[in-house]
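Peer 1: from the sequence below, what's the structure:
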Amino acid sequence: MMEGKAMYTFEEIIGNEQMIKQIQHAIQKKQISHAYIIHGTEGSGKTLLANTISKTLQCEKQGITPCNECISCHTFDNQNHTDIFYISPQKDKNSISVEDIRQQLIKNMEIKQYHYAFKIFIIEKADTMTIQAQNALLKTLEEPPHYGIIFLLANNIDKFLPTILSRCFVIKLRPIPSNDIEQYIIQHNLAQKENANMIAEYAQGSIGKAIEMANSETFYNMREDIISKLLSIKNKNLSEVLTMAKELEIYKQNQQYLDFIYLWYRDLLVYIKCNDIKYIIQKDQQKNIIAQCKNEKEDTIIQKIQAVWQAKQQLYSNSNFQLTMEVMLMKLKES
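Peer 2: Model prediction:
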């Protein structure tokens, strides 16, 4: 028997309790679909859920949760299960091609499972499948072999063809409440208690993101840099603000820095309205927040929060990064 804590169990999944009960009920009644779409934000637990369902279905005890004792459970935890396969975009590509689907799924699906109850395919970043790839997959979804199960994991469900959606059971993972994430961080000793609430708020409902941040030195360094910039921006001239915008380019691939800026002004607004530090999320910065509030007005802070969200939307629309940052920072500099 494996030592240590078992991997991939329903107990590990935080939030979405009602959905988990429904899945376990379907497993118990042997009412399993041949195709699932699991969608939610980055880090919401899509892979964890797909793995846990797969492990449960292949478990030799055939219960509603993995036994973590049989050979199937052990081989799954060791990442060498013979009847579970993973498909994802190749490292040098941003999408899953029709050839990826044909070679890795369709041809493989034609061969019966080796030993266990099902042959399971987990397609990661399935919303990056090309139209041709989706059409190739469609025939398998229309006429699945009795042993075949496919999980499509996606951040954006709107990327799927209607014909794909109509042939899959859709599972939506909802954002996890901040309080639940905070408790998870504390219980698993991922961060000091005073930082747990802050990380939970930054995570925006994503347990995966919270775990990543808690274990990341980059997270703390980035936050320190952004707060330093926000504290000094009012005293910068135009040239210095433009330089600051250029400095932000190191975070171009990680837009979490915008969440830092948003949460900073959120704390300023809350303190101005309530005049009570207990509602501040970034309690390690309460002295700086109180000091800055003396020079800020409520309507101005609201405008700055709007400026951050506008910048975020523009970057999602592939607007020019440098220009977007320049405009945002100039608005943040305004009194």
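Peer 1: can you list the weak-confidence ranges in the chain?
Peer 2: 1-6, 335 (pLDDT under 70).
Peer 1: these two touch, right, H34 and Y147?
Peer 2: No: the pair H34 / Y147 is not scored as a contact, 9.4 Å apart, by CB atoms under 8 Å. C-beta here means a position set from N, CA and C on the backbone, and glycine is covered the same way.
Peer 1: quick one: which of these two has more around it?
Peer 2: Taking other CB atoms under 10 Å, H34 and Y147 do not tie; H34 has more neighbours (18 against 15).
Peer 1: residues contacting the more buried one?
Peer 2: L141, P144, G148, I149, I150 (CB atoms under 8 Å, 6 or more residues apart in numbering).
Peer 1: what are the buried residues along stretch 56-64?
Peer 2: T56, L57, Q58, C59, I64 (16 or more other CB atoms under 10 Å).
Peer 1: do the same with stretch 17-26
Peer 2: M19, I20, I23, Q24.
Peer 1: before we move on, back to that, so which of the buried residues of stretch 56-64 are in helices?
Peer 2: Using DSSP state H, the members of the buried residues of stretch 56-64 that fall in helices are T56, L57, Q58.
Peer 1: which stretches in the stretch 51-200 of the chain count as strands?
Peer 2: 84-87, 119-123, 148-154, 169-172 (DSSP state E, counting those that start in this stretch).
Peer 1: got a markdown table for the contacts of H34, with neighbour count and distance to D259 too?
Peer 2: Below are those laid out as a markdown table (neighbours: other CB atoms under 10 Å; distance: CB to CB, whole Å):
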| residue | neighbour count | distance to D259 |
| --- | --- | --- |
| L141 | 18 | 37 |
| P144 | 16 | 41 |
| G148 | 21 | 40 |
| I149 | 25 | 36 |
| I150 | 25 | 34 |
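Peer 1: which two of those have the greatest separation?
Peer 2: L141 and I149 (11.2 Å; CB to CB).
Peer 1: overlap in contacts of these two?
Peer 2: H34, A35.
Peer 1: what is the nearest of the buried residues of stretch 17-26 to L268?
Peer 2: For the buried residues of stretch 17-26, the nearest to L268 is M19 (36.7 Å; CB to CB).
Peer 1: who's in contact with that closest one?
Peer 2: Contacts of M19 by CB under 8 Å, 6+ apart are I171, L173.
Peer 1: make it 7 Å
Peer 2: Contact analysis of M19 by CB atoms under 7 Å, 6 or more residues apart in numbering lists I171.
Peer 1: the chain should start at 23 in everything you say after this.
Peer 2: From this message on, residue numbering opens at 23, which makes the last subject M41.
Peer 1: may I have the secondary structure class of it?
Peer 2: The local conformation at M41, judged by DSSP: H, G, I helix; E, B strand; the rest coil, is helix.
Peer 1: ditto for Q53
Peer 2: Assignment for Q53 (three-state DSSP): coil.
Peer 1: burial of it, as a residue count?
Peer 2: Q53: 9 neighbours (other CB under 10 Å).
Peer 1: for K134, see how far away it is.
Peer 2: 22 Å (CB to CB, to the nearest Å).
Peer 1: I324: how many residues sit nearby?
Peer 2: I324 has 12 nearby residues by other CB under 10 Å.
Peer 1: how about it, what does it touch?
Peer 2: With the criterion set at CB under 7 Å, 6+ apart, I324 makes contact with L291.
Peer 1: quickly note the distance from it to K295.
Peer 2: 10 Å.
Peer 1: do D281 as well
Peer 2: For D281, the distance to K295 - CB to CB - is 21 Å.
Peer 1: okay, those two: which has more neighbours?
Peer 2: Shown here are D281 and K295; by other CB under 10 Å, D281 has more neighbours (19 against 11).
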